[in-house]
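Peer 1: I would like to see how this sequence folds:
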Amino acid sequence: MLTGQGANLFAESIGVPTVPAQALVTEQERKEWQHYKNYAVGVKELFNSQCGHETVGAVALDAFGNVACATSTGGIRNKMMGRVGDSPFIGSGGYADNRSGAVSCTGHGESILKVTLARLILFHMEQ
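Peer 2: Numbers count the residues shown, from 1 in each chain. Below is the predicted model of the structure:
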């Protein structure tokens with residue numbers, strides 16, 4: 001997985017057009033960022049809130065008994081540049097194994113990554 005400067009260098013090397021990061025931030029988002037930056041006490045509540053995360057997960061079983069999983073995250077507002085959540089990591093945001101099932105996880109990404117939660121759930125289902 002490439003993030004940050006490595007991702008930028010790769011994109012440039014294959015001719016993908018780029019724009020400055022500032023061009024991707026709307027005036028409304030900048031104002032909200034400034035508001036929450038000034039209101040540090042509320043950051044923990046914002047991070048832990050149930051609204052605004054817009055994450056979705058799905059598991060499927062086909063006619064041949066094959067399972068699959070998918071997880072997509074809306075991300076976290078004002079996250080640290082370069083942060084990659086749990087969704088793209090096999091075993092964390094999702095895991096599928098025809099022998100035991102399929103899992104899609106959502107929630108606090110760092111905690112999910114620490115224990116590779118999706119794989120851990122299937123491990124316990126296999127027991």
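
Peer 1: tell me how far stretch 5-12 is from the chain's mean position?
Peer 2: 20 Å (C-alpha atoms, centre = their mean, to the nearest Å).

Peer 1: tell me the mean pLDDT for that stretch?
Peer 2: The predicted model assigns stretch 5-12 a mean pLDDT of 88.

Peer 1: got a list of contacts for it?
Peer 2: Residues external to stretch 5-12 that are found in contact with it (C-beta atoms under 8 Å, 6 or more residues apart in numbering): 2, 18. From N, CA and C alone the C-beta is placed, and that goes for glycine too.

Peer 1: Check which residues of that stretch are buried.
Peer 2: Residues of stretch 5-12 include none that count as buried (16 or more other C-beta atoms under 10 Å).

Peer 1: before we move on, what about stretch 61-81?
Peer 2: 67, 69, 71-73, 75.

Peer 1: Poorly predicted segments of this protein, please.
Peer 2: With pLDDT under 70 as the threshold, the chain has low-confidence stretches at 39-53, 78.

Peer 1: how about the helices of it, start to end?
Peer 2: 4-13, 27-38, 43-48, 109-115, 117-126 (DSSP state H).

Peer 1: Which of the buried residues of stretch 61-81 sits closest to residue 97?
Peer 2: residue 67 (7.2 Å; C-beta to C-beta).

Peer 1: what's the closest residue to the closest one other than its chain neighbours in contact with, if anything?
Peer 2: Once flanking residues are discounted, residue 67 sits nearest to residue 102: 4.0 Å by C-beta to C-beta, 6 or more residues apart in numbering. Residue 102 sits next to 59-61, 67-69, 94-96 when contact means C-beta under 8 Å, 6+ apart.
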